[in-house]
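Trainee: have a look at this prediction, sequence included:
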Amino acid sequence: MSYIAVIGAGSWGTTLASHLSEKGYDVTLWTHDTDLAVLINRERTNSTFLPNFTLPPMLRASINGKELSSARYILNTVPTQFIRPVFNRIRSYIDDQAVIVSASKGIENNTLLTPSMILQELVGRPVSVLSGPSFAREVAEKKPTAITLATTDYKTGLLLQEVFNTDYFRVYTHDDIIGVEIGGALKNVIAIAAGICDGLGLGHNSRAALITRGLSEMTRLGLKMNAREVTFSGLSGIGDLVLTCTDMQSRNFTVGHKLGKGVKLSDIVSQTQSVAEGIATTLSAREMSLRYGIEMPITEQVYQTLYKDKSPADTVTDLMNRSLKSEFHGY
């Protein structure tokens, strides 16, 4: 069957590589970490990012970019801020006809590009996007999951839908790539805020309000970037937002929870192996709100907490004491 290369051996990349390998595809999991590649190939486990999970015997890990040259499909799972340097290193090995899919969530600092935009700039052709509410470990455990696959080409979407879909991993097609990516990026910022509320012990009312108003921020930004409003009511919008804002499996929610408990951001980052995308995305999202003239008060307060050392309790006070307005202003 088709040869697939998964770029990035974090929890999500390892899970998707395992998922595709178990379907019978010939899959290589590419990593820059030699020790990790050896561990995966020898022990059939990724104890760093997906502990206590046995990988299929036919899955192999590699640090050799030349192995990508025969790949029919390239699946990116690299954290957004590292996509550019990683793909600058390996893009010369990627076949001109390879189908590129991105499963990363975020917005690049400075350029304000989404993962598919970065990849399209580097490889010079359309990039599809896989996104939605999906904790890696639950997918690895084959718990029912539904996800969105956004493409610009209808036939490519149908092909990729068949590649990824199983009886526990249901794939829906969509064509609003920017809407899917804005939802996937901004939900991580809102999840940090939700974690702060939980860490402060503010209760379920505050979390429900935060999720709802966070969805409003995501939608306003998406519409300004020509996304479709309906996208944010789907799996890559409200679906992913609810998941990420309600469980400690979410790295971003966990970061916020620790901030709410009084732990310093520098200590949180130094003690965490996996990347919480919302930390860097907050910088980009705030810059986009200023560029597009969009009111994004939750994003602003997360920015103040992360980068201006503002007290989490003060951010909540300032959010609640903003000037009164109608619920759907700005639409």
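Mentor: All right, it came through fine. Numbers count the residues shown, from 1 in each chain.

Trainee: I'd like the next helix or strand past the strand or helix carrying residue 282.
Mentor: Assessed by DSSP states H and E, residue 282 sits inside helix 277-292. Using DSSP H and E, the next helix or strand after helix 277-292 towards the C-terminus is helix 297-307.

Trainee: so that next one versus helix 277-292, what angle?
Mentor: Following axes from the mean of the first three to the mean of the last three C-alpha atoms, to 10 degrees, one obtains 120 degrees for the angle between helix 297-307 and helix 277-292.

Trainee: packing partners of the next helix or strand after helix 297-307?
Mentor: Sequence-wise, the next helix or strand downstream of helix 297-307 (DSSP H and E) is helix 312-320. Secondary-structure packing of helix 312-320 (3 or more C-beta pairs under 8 Å, 6 or more residues apart in numbering; DSSP states H and E): helix 177-199, helix 297-307. All C-beta atoms are positioned from the backbone trio N, CA, C, and that covers glycine.

Trainee: now tabulate those in JSON lines and tack on mean neighbour count.
Mentor: Below are the helices and strands packed on helix 312-320 laid out as JSON lines (neighbours: other C-beta atoms under 10 Å):
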{"stretch": "helix 177-199", "mean neighbour count": "29"}
{"stretch": "helix 297-307", "mean neighbour count": "21"}
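
Trainee: of those helices, which is nearest residue 31?
Mentor: helix 177-199 (22.5 Å; C-beta to C-beta).

Trainee: average model confidence for the closest one?
Mentor: If you average the pLDDT over helix 177-199, you get 98.

Trainee: cool, stretch 311-331 as well?
Mentor: Averaged across stretch 311-331, the pLDDT comes to 91.

Trainee: so how far is the first residue of it from its last?
Mentor: 31 Å (C-alpha to C-alpha, to the nearest Å).

Trainee: how much space separates the residue most central in space within the chain from residue 167?
Mentor: Residue closest to the mean C-alpha point of the chain, counted by C-alpha atoms, centre = their mean, is residue 105 at 2.7 Å. According to C-beta to C-beta, to the nearest Å, residue 105 stands 25 Å off from residue 167.

Trainee: same check, this time on residue 231
Mentor: 26 Å.

Trainee: of these two, who's got more company?
Mentor: Legend: neighbour count by other C-beta atoms under 10 Å for residue 231 and residue 167, higher for residue 231 (27 against 7).

Trainee: for that one, give its distance to residue 241.
Mentor: Relative to residue 241, and taking C-beta to C-beta, residue 231 is found at 12 Å.

Trainee: go on, residue 215?
Mentor: Separation of residue 215 from residue 241 (C-beta to C-beta): 6 Å.
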